[in-house]
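1. Provided below for reference: sequence and predicted model.
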Amino acid sequence: MAKSLDVSSPAARREALRMVDVDDPGPRHAMLREIFDLERAWREGPDPGESDEYEQIYVAAFLLFLIGDPAGLATPVCSEVPPGDMDLGLGFDAQAIFGAGRRETLQWLLDNGYTDEHAHLSEWLSQGEDPKIEDWATHVRRYFYSPDAMLCLDPL
């Protein structure tokens with residue numbers, strides 16, 4: 001079991017994310033869900049934060065995608081988006097929700113009562129151009145991580 005890390009502040013969460021092995025994020029699953037939830041709560045709070053903090057929720061989402069737990073992102077993303085938060089409302093990549101696979105995630109949504117979200121995401125997946133989830137994952141990894149798997153976010 002992975003040792004618990006301090007994730008109480010945005011700077012601490014950034015350092016905790018830096019310690020997660022992008023090639024094997026599974027041992028930090030619980031911490032990543034906590035970071036995702038804390039980053040989301042931070043967006044709902046009064047602290048405007050530093051300009052680069054907004055990317056941390058995307059790193060946590062990507063690592064949860066790699067783990068493949070449909071509940072990891074579907075639950076918080078399908079619940080209400082913080083008012084006025086364009087990044088989570090319009091800018092959040094829907095591909096991040098499908099880490100468990102398309103069918104598995106859609107089934108999880110149905111099984112857990114997220115029928116509207118199931119319908120919306122099913123429609124999104126059926127659009128003329130298939131959203132290439134695998135291409136998205138490759139792009140996000142290259143955006144956030146160096147070729148030697150180091151997180152490319154500067155310390156806060």
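-> That came through fine. Numbering: from 1, shown residues only.
2. what about Phe144, how many residues close to it?
-> Number of residues near Phe144 (other CB atoms under 10 Å) recorded here: 18. Where you see a C-beta, it was placed from the backbone N, CA and C, and this is true even at glycine.
3. do Leu32 as well
-> Neighbourhood size, Leu32 [other CB under 10 Å]: 26.
4. what sits against it?
-> When contacts are counted by CB atoms under 8 Å, 6 or more residues apart in numbering, Leu32 is found next to Val20, Pro25, Ala60, Leu63, Leu64, Ile67, Gly72.
5. let's see 7 Å
-> Val20, Pro25, Ala60, Leu63, Leu64 (CB atoms under 7 Å, 6 or more residues apart in numbering).
6. can you redo those as CSV with secondary structure and neighbour count?
-> Formatted as CSV, these follow (DSSP: H, G, I helix; E, B strand; the rest coil; neighbours: other CB atoms under 10 Å):
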residue, secondary structure, neighbour count
Val20, coil, 23
Pro25, coil, 19
Ala60, helix, 30
Leu63, helix, 28
Leu64, helix, 26
